[in-house]
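# quick one, what's the 3D model for this:
(one chain, ligands or ions: 1)
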Amino acid sequence: MTRHIFVTGGVVSSLGKGLTSASIGMLLERRGLKVRMQKLDPYINVDPGTMSPYQHGEVYVLDDGAETDLDLGHYERFTSSLLNRHSNYTTGQIYQTVIDKERRGEYLGRTVQVVPHITDEIKACIRRLATPDVDVVITELGGTVGDIEGLPFLEAIRQIPLDIGKENCLFIHLTLVPYLKAAREAKTKPTQHSVQQLREIGIQPDILIVRTERPIGREHTDKIALFCNVEKRAVIEEVDKEYSIYEVPIGLVEHGIDELIIEKLRLQAGPLQMEDYRELIHRIRNPRNEVKIAVVGKYIEHRDAYKSIYESLDHAGFAHSTRVIVKRIEAEELERQDPELLLNGMDGILVPGGFGMRGIEGKIQAVQFAREKGIPYFGICLGMQCAVIEFARNVLGYPDANSSEFAADTQHPVICLLEAQKNVNYKGGTMRLGAMPCRLLEGSRSAIAYGKMEVSERHRHRYEFNPEYRERFTNAGLVPVGTSPEGTLVEVVELKNHPWFVAVQYHPEFKSQPNSAHPLFKGFIEAALQQHESSRSGSVGN
Ligand code: GLN
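Next comes the predicted model:
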């Protein structure tokens, strides 16, 4: 019988519920259990694909092309849980399914209601993951207890124990215990209120994880246990981590959370295997080098907009025992200021993906700086398209070269929509999405980094390298070294006679893990380390 763990959050949002759920998933996997992870998002958008990164951070793309919440990135970085479009449901999706059924007459004339029709649909989405080979399904509920839009989801998870047996379900609730400086005291009242709200709905949490800035100690956790009707040992404090988010699982193990869950759910599990992970944490805490990487983007001030990029840079740093210091540069700043002022001293420059015109010229300037000064450059999706535009303008000599996304009437649309893609104007799920195979040129930097010539990477874009210009680029030194298997779509370009200049149409950042960094990020940081060394020894003149 597959067991279900439900993770809810209270008091405030941004408690790191996704990270905690992923960490629990990791610990259970490292006890030999088969885990599936899932996130339910109460907002009405059908998926986050059409939401601005300002609203909701990055859109995380899965192999099957599902555009999902960024918490799924944590799941993939921490666990090997197979994720697909059933791993993330929103209110919008649930309603869409129910309304479609109603239109098809499947409810046989009955009144269609939140309870039981919406809640049944939510339960079906959760139970769908409980296939016989899976030991534990972890379902994280987005939002905060008390949100109006979260109510149908809470009602649905309240009902599941009635359907499959209370002993097969576990409720974990995450809250915040704030520290009031003026009173010099940690406050447990918000946690008490939040649990009260859950209990009103009919959910009694089995485990409470209390997030705190500093340790609060047994006195407080015992008090929380008493007021919230939870066992003392099941109130676990999760203190902010000093070095990195990857320490969260270690903190939870120290409080015995894996053992507690296994006991409460009566699971047959093996011993905890954490040696390699502890070794990773040691490396994270004791870097031997550091490099400075500029990330030039348009949503720079929003920490989560390029989440997977920052994580992947860190992973590559871990692989080289190197601390990666990221300088986040607003692309528009580069349009106003001398690039030298902003980019001088950087050991590598990365331009990530993006949509729309704003900041494009600044990104192109960043590419030019990297190309001319011989600074390692990594272009991702829009960052690749900018590299192509820059080269067309400044090397091929087409001053008006552009992407037809930004200048529909340019003489030189070096990035454009291919014939088959025209006439698409329904937004949402209309891009080239998900994992596609890519064939690499033997001996290219990318093929060497990957150690193979056939790779599969995830996509999320509409525009493509214009095949009409391929030869001109190749002859001038920006070489398409990766294409779709039949050779038509350009996936990777590399610049000849440059220390490291690789730009990809896909999103490698969705396939990097802390102890298995993505090969291209690893190659980029290695090149940045060399750049760092040579600039220190004063021989910058690549
Ligand atoms: N806007 C570009 C396109 O649609 C790039 C997309 C991206 O960077 N994800 O092709």
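# and residue 59, how many neighbours?
Residues near residue 59, counting by other Cβ atoms under 10 Å, number 22. (Glycine included, C-beta is placed from N, CA and C.)
# need phi/psi at it.
phi -90, psi 120 (degrees, to the nearest 10).
# wait, it sits on residue 67?
Yes - between residue 59 and residue 67 there is a contact under Cβ atoms under 8 Å: 5.0 Å.
# mutual contacts of these two, please.
48-49, 460 (Cβ atoms under 8 Å, 6 or more residues apart in numbering).
# so where does residue 258 fall, helix or strand?
helix 257-264 (DSSP states H and E).
# could I get the buried residue list for stretch 35-44?
Within stretch 35-44, the residues that qualify as buried are 35-43, counting by 16 or more other Cβ atoms under 10 Å.
# same question for stretch 525-542.
For stretch 525-542, a neighbour-count test (16+ other Cβ under 10 Å) marks 525-532, 534 as buried.
# what about it, distance to the chain center?
Chain-centre distance of stretch 525-542: 30 Å, with Cα atoms, centre = their mean, to the nearest Å.
# show me the contact partners of it.
Residues outside stretch 525-542 that contact it (Cβ under 8 Å, 6+ apart): 289-293, 313, 316-317, 319-320, 322, 324, 345, 347-348, 373-376, 498-500.
# filter these down to the buried ones, PyMOL style.
Command for PyMOL that selects the buried part of these, burial taken from 16+ other Cβ under 10 Å:
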select buried, resi 291+292+293+313+316+317+319+320+322+324+347+348+373+374+375+376+498+499+500
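# among the contacts of stretch 525-542, which are located in helices?
Per DSSP state H, helices hold the following members of the contacts of stretch 525-542: 313, 316-317, 319, 373.
# how about those residues in a markdown table, adding pLDDT and distance to residue 440?
Below are the ones in helices among the contacts of stretch 525-542 laid out as a markdown table (pLDDT from 0 to 100; distance: Cβ to Cβ, whole Å):
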| residue | pLDDT | distance to residue 440 |
| --- | --- | --- |
| 313 | 98 | 22 |
| 316 | 98 | 19 |
| 317 | 97 | 24 |
| 319 | 97 | 21 |
| 373 | 96 | 27 |
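# does the lowest-mean-pLDDT helix or strand in the chain come close to the ligand?
Least confident element among the helices and strands of the chain, by mean pLDDT, DSSP states H and E: helix 53-56 (a mean of 78). No - against the ligand, helix 53-56 shows no contacts by Cβ under 6 Å from any ligand atom, the least distance being 10.8 Å.
# list the buried residues of that helix.
For helix 53-56, the neighbour count (16+ other Cβ under 10 Å) marks 53, 56 as buried.
# stretch 91-99 - what's its average pLDDT?
Stretch 91-99 carries an average pLDDT of 97.
# name the residues that touch that stretch?
So stretch 91-99 is contacted by 41-47, 112, 117-118, 121-122, 125, 149, 152 (Cβ under 8 Å, 6+ apart).
# recalculate using a threshold of 10 Å.
Applying Cβ atoms under 10 Å, 6 or more residues apart in numbering, the external contacts of stretch 91-99 come out as 40-47, 85, 89-90, 106-107, 112-114, 117-122, 124-125, 142, 149-150, 152-153, 156.
# same check, this time on stretch 441-450
Residues from elsewhere that reach stretch 441-450, judged by Cβ under 10 Å, 6+ apart: 438-440, 453-455, 457, 479-483, 491-495, 498, 500-502, 504, 508, 518-524, 526-527.
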